[in-house]
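Participant: here is the input, now give the coordinates:
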Amino acid sequence: MIELAKKANISPQREPRTLHSFFALKFHDGDEDRAKVEAIEQALNQAGITITLMARDVEKWGKTDIPAGKTLMTDYAFPAMRQCDCNIIEFSEKGVGLGMNGGYCYAAGKPIYVIAKKGSDISTTMANVAQKVIFYEKPEDLIEPFREIVQNFPRVILASKSALRKQQLIDADIPFEVIVSDADETADESKSFRNQVAEIAMRKAQTVFEQTKDRGPRVILAADQNMAFEGKMYGKPKNIAAARKLIGSMRGSDQIFAITGNAMLLADKDQILQSVNLTDTACFALDNITDEELENYLKNEPCLSYCGGIAMRSLPGSLHLKEGRISTAYGMTLEYATELIKNLEEYKK
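Facilitator: Numbering: from 1, shown residues only. Take a look at the predicted model:
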């Protein structure tokens with residue numbers, strides 16, 4: 001029985017200094033076209049580009065069927081194009097589907113790069129919607145031009161290894177890469193709780209800015225969060241015993257505060273164009289969970305990875321947001337980043 005086609009699965013998280021591109025060409029079944037695709041893909045991979053190709057990733061080289069009532073372009077190709085950073089169209093041979101690819105990506109604001117063998121005739125329409133037309137004799141000729149594109153492509157960079165902050169960007173469907181700052185996170189305890197986390201967050205953002213001065217337009221997102229309870233600030237518990245004691249004392253309280261420092265930079269090369277450094281607070285209430293529920297939590301959740309040993313995603317049904325933004329509670333106030341990220345779109349035109 002032939003397998004039914006499934007949608008391409010494209011995560012918003014990219015490896016550092018890479019792009020994920022939709023790839024389109026007029027494909028003919030056969031080993032010659034497959035070899036052509038593989039040679040081009042190898043060159044693009046060397047430039048830092050991963051591709052999604054319908055013929056391979058959805059149709060499995062003709063081994064899957066599109067379910068009744070669905071079409072390859074509308075139900076599989078268009079969603080994949082939206083998830084990719086850009087669209088690369090091999091236009092040595094023209095095709096109606098290629099025009100549809102280009103038109104859809106142009107309307108969606110996705111940059112289009114046309115590649116073609118030297119001597120190919122590129123239609124005026126396709127040339128006008130493309131960011132760049134690159135002619136080549138052999139696939140290796142594509143490596144350097146696309147390395148430059150990757151280097152200067154607008155990107156969101158998360159300056160954190162936090163799984164919770166990664167998940168925030170994934171849930172928001174924001175393509176991003178991670179560069180861990182390894183900045184000094186020693187707090188200046190002479191300052192207020194709010195200023196302490198804001199300062200550390202900016203330290204993280206500035207460190208990644210310095211590490212990426214050779215890059216093009218980018219938004220660097222950094223955050224630092226601590227829990228405040230009964231006038232004291234808590235980071236990640238040192239061990240299970242410390243987590244047990246702290247969470248046990250929080251049971252039944254509605255005055256648990258997540259204090260989140262946010263630092264967000266819009267930069268291009270060695271220039272910082274815009275800077276945001278704000279602290280936001282969210283207030284929690286923790287149910288009076290039983291000792292058994294607490295022990296199950298300590299056993300099954302990575303509580304030592306959470307400030308104060310707790311996180312919004314870790315205690316569903318028991319930990320409640322009373323006041324403040326949900327993104328602040330999760331670890332990074334995404335609302336502050338919205339306008340900066342929108343500004344990146346201007347660089348894609």
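
Participant: and the contacts of the lengthiest helix in the chain?
Facilitator: Counting residues, the longest helix found in the chain (DSSP state H) is helix 193-211. The set of residues external to helix 193-211 that reach it, using C-beta atoms under 8 Å, 6 or more residues apart in numbering, is 157, 159-160, 179, 181-185, 187-189, 191, 220-226, 228, 233, 259-265, 267, 272, 277-279, 281. Heads up, the C-betas are built off the backbone N, CA and C, glycines and all.

Participant: pLDDT on that helix, on average?
Facilitator: The average pLDDT within helix 193-211 is 97.

Participant: restricting to C-alpha, output stretch 286-294 in PDB.
Facilitator: C-alpha atoms of stretch 286-294 as PDB (Å, rounded to 0.1, in the frame of the first residue of the first chain):
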ATOM      1  CA  LEU A 286       0.900  28.200  43.900                       C
ATOM      2  CA  ASP A 287      -1.800  25.800  45.100                       C
ATOM      3  CA  ASN A 288      -1.300  24.100  48.400                       C
ATOM      4  CA  ILE A 289      -0.100  20.900  46.800                       C
ATOM      5  CA  THR A 290       0.400  17.800  48.900                       C
ATOM      6  CA  ASP A 291       3.800  16.300  49.900                       C
ATOM      7  CA  GLU A 292       3.200  13.500  47.500                       C
ATOM      8  CA  GLU A 293       2.500  15.900  44.600                       C
ATOM      9  CA  LEU A 294       5.600  17.900  45.500                       C
END
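
Participant: which parts of it are buried?
Facilitator: The neighbour-count check on stretch 286-294 (16 or more other C-beta atoms under 10 Å) flags Leu286, Ile289, Leu294 as buried.

Participant: now do that stretch: everything it contacts.
Facilitator: Counting by C-beta under 8 Å, 6+ apart, 244, 247-248, 250-254, 256, 297, 310, 315, 317-320 sit against stretch 286-294.

Participant: among those, name the buried ones.
Facilitator: Arg244, Ile247, Met250, Ile256, Tyr297, Ile310, Leu315, Ser318, Leu319, His320.

Participant: among those residues, which lie within strands?
Facilitator: Using DSSP state E, Ile256, Leu319, His320 are the members of these that sit in strands.

Participant: could I get these as a markdown table with pLDDT and distance to Glu140?
Facilitator: What follows is those, written out as a markdown table (pLDDT from 0 to 100; distance: C-beta to C-beta, whole Å):
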| residue | pLDDT | distance to Glu140 |
| --- | --- | --- |
| Ile256 | 97 | 58 |
| Leu319 | 94 | 55 |
| His320 | 95 | 58 |
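
Participant: what is the burial count for Ile179?
Facilitator: Counted with other C-beta atoms under 10 Å, the neighbours of Ile179 add up to 20.

Participant: Tyr136 touches Lys117, doesn't it?
Facilitator: Yes - if you go by C-beta atoms under 8 Å, Tyr136 and Lys117 touch, sitting 6.6 Å apart.

Participant: who are the neighbours in contact with Leu122?
Facilitator: Not Leu; residue 122 is Ile. Residues near Ile122 by C-beta under 8 Å, 6+ apart: Phe91, Val114, Ala116, Val133.
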